[in-house]
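>>> structure for the following, please:
(chains A, B, C and D)
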Protein chains: 2
Amino acid sequence: MSRPTIGDVARVAGVTKATVSHAYSGKRPISAATKARVFAAAQELQWVPSSSARALATRRANAIGIVLAREPAILASDTFFPAFISGVETALAEHEVALVLQVVGSRTAEERAYRAMANGRADGVIVLDLHRTEWRVPFLQQLRLPAVLLGAFDGPTSFSCVRTDDAAPVRELVAHLRGLGHERIAHVAGPLDYVHSHARAQAYLEEVGTPELLREGDFGAGSGRALTAELLELADRPTAILYANDTMAIAGYSLARSRGLTVPDDLAVAGFDDDHLSAYLTPALTSVSSDPLQRGRVAAERLLADLAGEPPRQVTVDCTVLRLRASTEARAARGHQPEETS
Amino acid sequence: MSRPTIGDVARVAGVTKATVSHAYSGKRPISAATKARVFAAAQELQWVPSSSARALATRRANAIGIVLAREPAILASDTFFPAFISGVETALAEHEVALVLQVVGSRTAEERAYRAMANGRADGVIVLDLHRTEWRVPFLQQLRLPAVLLGAFDGPTSFSCVRTDDAAPVRELVAHLRGLGHERIAHVAGPLDYVHSHARAQAYLEEVGTPELLREGDFGAGSGRALTAELLELADRPTAILYANDTMAIAGYSLARSRGLTVPDDLAVAGFDDDHLSAYLTPALTSVSSDPLQRGRVAAERLLADLAGEPPRQVTVDCTVLRLRASTEARAARGHQPEETS
DNA sequence: ATGAAAGCGCTAACAT
DNA sequence: ATGTTAGCGCTTTCAT
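Next up, the predicted model:
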């Protein structure tokens, strides 16, 4: 006994396949009586429509895709991704749409993955880690694969974008640190080829006026450590450092302390992305939470809307919140307990 | 101009669809000359086989599934999951198999998700977060959906299992702490309904002999904090606490320090899973890394082997490594020689 | 309101 | 070594 098909259900219900199909889709009026017979038959046979058959007939996979071009090791230590996925899923669940995930290592593999998505695996994709020079945007356009870009894409595009204001929290942080008397404020950025890293670095530069204390890291702990060492060895060393993520920040302040500096008295430190452990460090790390869950939900909803035929739109999600914690406190303010998390 | 089909390629190459199909699958000898013509035609038309059509014809989705029944918020702060996924993907990439992910909130939704997987979305699934009483195992068996279970499943099953020795690192940790003179060693476990939490708690009990200092947490920071408070208020409080994950451990030692205790002098602390930040805390947190990346790879490879027709197997991945760090150091060790070399 | 039949784009017997 | 012909399990005209 192999899996039942729509034909089996039709036979048991004493109708044709078309009737069964329409009883479910509602694309045609079906009398209450036949509908009941059809549902009963389906129930009895435990029938569930085959998604591949349906996909072939409707040219709709009922799935969306995400292709991640990251080293597995880097992905593994990423705090953003799982939350983002969760957000995407909350949006998809309501529409019975699945998520197809592919992690690739090379440009070739990435292209192949998108081609596969375009050829029946997915109806559209969400594009993460936007670069300033993006080959994927024209590529996807040419594939005619609907896409939603996460982040601000400058070039011309007919794709929807889900943006976040990357600059504002940087400005706020710089202002906050200045308020505490800091004048030498450094920034350890992420790879400047990423649009969000670039936007943050740009905001920093506009506030500070000089690239003297700007360094480009790679989001890994190693680069956080190395660049911090470099900054601390300057003749006129910074008294505060803004890092592009928490991993680099923690590696950095850990190094600073191993050199005898006290955080925040000798060196104030702030991160980005608000790792779930950051509130529990000692001192607790000031960071910027960016609600990846909400962004995932919004991006997925946007894509579903595009697929439903709505015109593409630029959405801005306002979701960054400054978490001011002990690592950027004024000297006088010390002695507080770590904050409660909710 | 809609997407090219295998028929278009066949026409351009001057052969039939079957030849094109076989030129790619290699399931039939094709002369080098025709093969070349076929590939050239495919190249010219930018043809990629439709995965839904292929899925329907072969009854193979060329995808495997993972259904996660977790709160999005909990998933978001999980260090295991992204690394595991990466591992899965490294195995799948070589076989051009996709990963379909579904995060569900309710039991009903979970069943529906598995049903959908069974009906063409996926060829098999990897089951995570194994419970001691598992409805999913018989359910999947009844659906005849191939599965690989991550963890030791006690009941009868014809599914492959990918196990890890959860007990050994607990025993080692207890022994290590005893060697440092600790006699009151507590354990803040994960939910005991999980097989791995249970196995760890069991190992702890066998070593320690009494459940007096055993507490059941939920892997969240909040429960780590609360249960630590409870343990520290005991008349004869523990001098060391083993936590079932790093999140609880960090919340716990943060609380202990806010009460004036020094780690590791007044309280030794160890976690589990080796969060990527744990090595950077002060003091660095002793933990057990369990190589989720490798486990993901092995689980996926096992599933692919099952799907290829190999008989199911029980595989044990020996991948836990004790990371002894400052949070469990001997008092004497700070500035003196440790009494034991490992 | 329902039935009959023609695809969707592939793969897999069965031929030659 | 290649062509012919049926399907795979749905959806969707076109009839009635």
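>>> when you work out contacts or count neighbours from here on, use the C-alpha atoms and nothing else.
Will do.
>>> show me where the stretch 51-200 of chain A has its strands.
With DSSP state E, counting those that start in this stretch as the criterion, the stretch 51-200 of chain A has strands at A:63-68, A:98-103, A:124-127, A:147-150, A:160-164, A:185-189.
>>> let's have these in CSV, adding mean pLDDT, distance to residue B:151 and mean neighbour count.
Converted to CSV, the strands of the stretch 51-200 of chain A look like this (pLDDT from 0 to 100; distance: least, C-alpha to C-alpha, whole Å; neighbours: other C-alpha atoms under 10 Å in any protein chain shown):
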stretch, mean pLDDT, distance to residue B:151, mean neighbour count
strand A:63-68, 95, 27, 23
strand A:98-103, 93, 23, 24
strand A:124-127, 98, 32, 24
strand A:147-150, 96, 36, 25
strand A:160-164, 95, 39, 22
strand A:185-189, 98, 40, 26
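>>> ends of stretch A:185-203, what's the gap?
End-to-end distance of stretch A:185-203 (C-alpha to C-alpha, to the nearest Å): 13 Å.
>>> in that stretch, what's buried?
A:185-192, A:194-203 (16 or more other C-alpha atoms under 10 Å in any protein chain shown).
>>> how about residue A:114, nearest residue that isn't a chain neighbour?
residue A:67 (7.2 Å; C-alpha to C-alpha, 6 or more residues apart in numbering or on different chains).
>>> what about residue A:322, which helix or strand?
strand A:321-323 (DSSP states H and E).
>>> surely residue A:206 forms part of a helix?
Yes. Per DSSP: H, G, I helix; E, B strand; the rest coil, residue A:206 lies within a helix segment.
>>> could you report the neighbour count for residue A:45?
The number of residues packed near residue A:45 is 15, by other C-alpha atoms under 10 Å in any protein chain shown.
>>> kindly report the same for the one 5 residues further on.
Around residue A:50 sit 20 other residues, with neighbours defined as other C-alpha under 10 Å.
>>> ok, now which ones touch it?
Taking C-alpha atoms under 8 Å, 6 or more residues apart in numbering or on different chains as the contact definition, residue A:50 lies against A:5, B:119, B:120.
>>> now do 7 Å
B:119, B:120 (C-alpha atoms under 7 Å, 6 or more residues apart in numbering or on different chains).
>>> list phi and psi for it.
phi -70, psi 120 (degrees, to the nearest 10).
>>> pLDDT at residue A:84, what is it?
Looking at residue A:84, its pLDDT is 92.
>>> so chain A: which segments form each domain?
A:6-58, A:63-164+A:292-320, A:167-289+A:324-336 (automatic domain parsing).
>>> what distance do you get for residue A:88 to chain B?
Distance of residue A:88 to chain B, given as C-alpha to the nearest C-alpha, to the nearest Å: 9 Å.
>>> repeat for residue A:319
For residue A:319 relative to chain B (C-alpha to the nearest C-alpha), the value is 16 Å.
>>> hmm, back to that, what's the strand holding residue A:322 packed up against?
Counting contacts by 3 or more C-alpha pairs under 7 Å, 6 or more residues apart in numbering or on different chains; DSSP states H and E, strand A:321-323 packs against strand A:287-289.
>>> show me which residues of the strand holding residue A:322 are buried.
For strand A:321-323, by 16+ other C-alpha under 10 Å, it's A:322, A:323.
>>> ok, the residue of the stretch 101-250 of chain A found nearest DNA strand D - how many residues close by?
As assessed by C-alpha to the nearest atom of the strand, DNA strand D sits closest to residue A:120 within the stretch 101-250 of chain A, at 13.0 Å. Look at residue A:120: counted by other C-alpha under 10 Å, it has 25 neighbours.
>>> residues in contact with stretch A:242-259: which ones?
Taking C-alpha under 7 Å, 6+ apart as the rule, stretch A:242-259 contacts A:186-190, A:219-221, A:223-225, A:228, A:269-275, B:277, B:280.
>>> any idea how far it is from the chain center?
23 Å (C-alpha atoms, centre = their mean, to the nearest Å).
>>> now swap in stretch A:287-305 and tell me
Taking mean C-alpha positions (C-alpha atoms, centre = their mean), stretch A:287-305 and its chain are 7 Å apart.
>>> pull up the pairing partners for the strand holding residue A:322, direction included.
Within its sheet, and counting by DSSP bridges, strand A:321-323 is paired with strand A:287-289 (antiparallel).
>>> can you name the element that comes right after the partner strand?
Downstream of strand A:287-289 (by DSSP H and E), the next one is helix A:292-307.
>>> now do the same for that following helix: mean pLDDT, whole number.
Mean predicted lDDT for helix A:292-307 stands at 96.
>>> quickly check: it near DNA strand D or not.
No. Applying C-alpha under 7 Å from any atom of the strand, one finds helix A:292-307 out of contact with DNA strand D, separated by at least 14.6 Å.
>>> what is the next helix or strand after that helix packed up against?
Moving toward the C-terminus from helix A:292-307, the next helix or strand (DSSP H and E) is strand A:314-317. Using 3+ C-alpha pairs under 7 Å, 6+ apart, the elements in contact with strand A:314-317 are strand A:160-164.
>>> what pairs with the strand it packs on, parallel or antiparallel?
By DSSP bridges, strand A:160-164 pairs with strand A:147-150 (parallel), strand A:314-317 (parallel).
>>> for DNA strand C, find the nearest of these.
strand A:147-150 (20.9 Å).
>>> what's in contact with that closest one?
A:124-128, A:130, A:159-163, A:299, A:303.
>>> quick check: the farthest pair among those residues?
A:124 and A:163 (18.3 Å; C-alpha to C-alpha).
>>> show me where pLDDT drops low in chain A?
Low-confidence segments of chain A (pLDDT under 70): A:1, A:73, A:331-342.
>>> at 80 what do you get?
A:1-2, A:71-78, A:154-156, A:331-342 (pLDDT under 80).
>>> who in it is up against DNA strand C?
A:14-19, A:28-31, A:33-35, A:53, A:56-57.
>>> out of those, what pair is the most spread apart?
Top of the distance list for the residues of chain A next to DNA strand C (C-alpha to C-alpha): A:33 and A:56, 30.1 Å.
>>> more crowded one of the two?
residue A:56 (18 against 8).
>>> mind listing what that one touches?
Taking C-alpha under 7 Å, 6+ apart, we find residue A:56 in contact with B:52, B:53.
>>> distance of it relative to residue B:54?
Counting by C-alpha to C-alpha - residue A:56 and residue B:54 are separated by 9 Å.
>>> now swap in residue A:42 and tell me
Distance from residue A:42 to residue B:54, by C-alpha to C-alpha: 26 Å.
>>> so for these two, which sits in the more crowded spot?
residue A:42 (22 against 17).
>>> that one reaches residue A:9, doesn't it?
Yes. If you go by C-alpha atoms under 7 Å, residue A:42 and residue A:9 touch, sitting 5.6 Å apart.
>>> burial check on residue A:220, number of neighbours?
Residue A:220 - counted by other C-alpha under 10 Å - has 18 other residues nearby.
>>> one step back: nearest to residue B:289, out of the strands paired with strand A:160-164?
Comparing the strands paired with strand A:160-164 under C-alpha to C-alpha, the one sitting nearest is strand A:147-150, at 32.6 Å.
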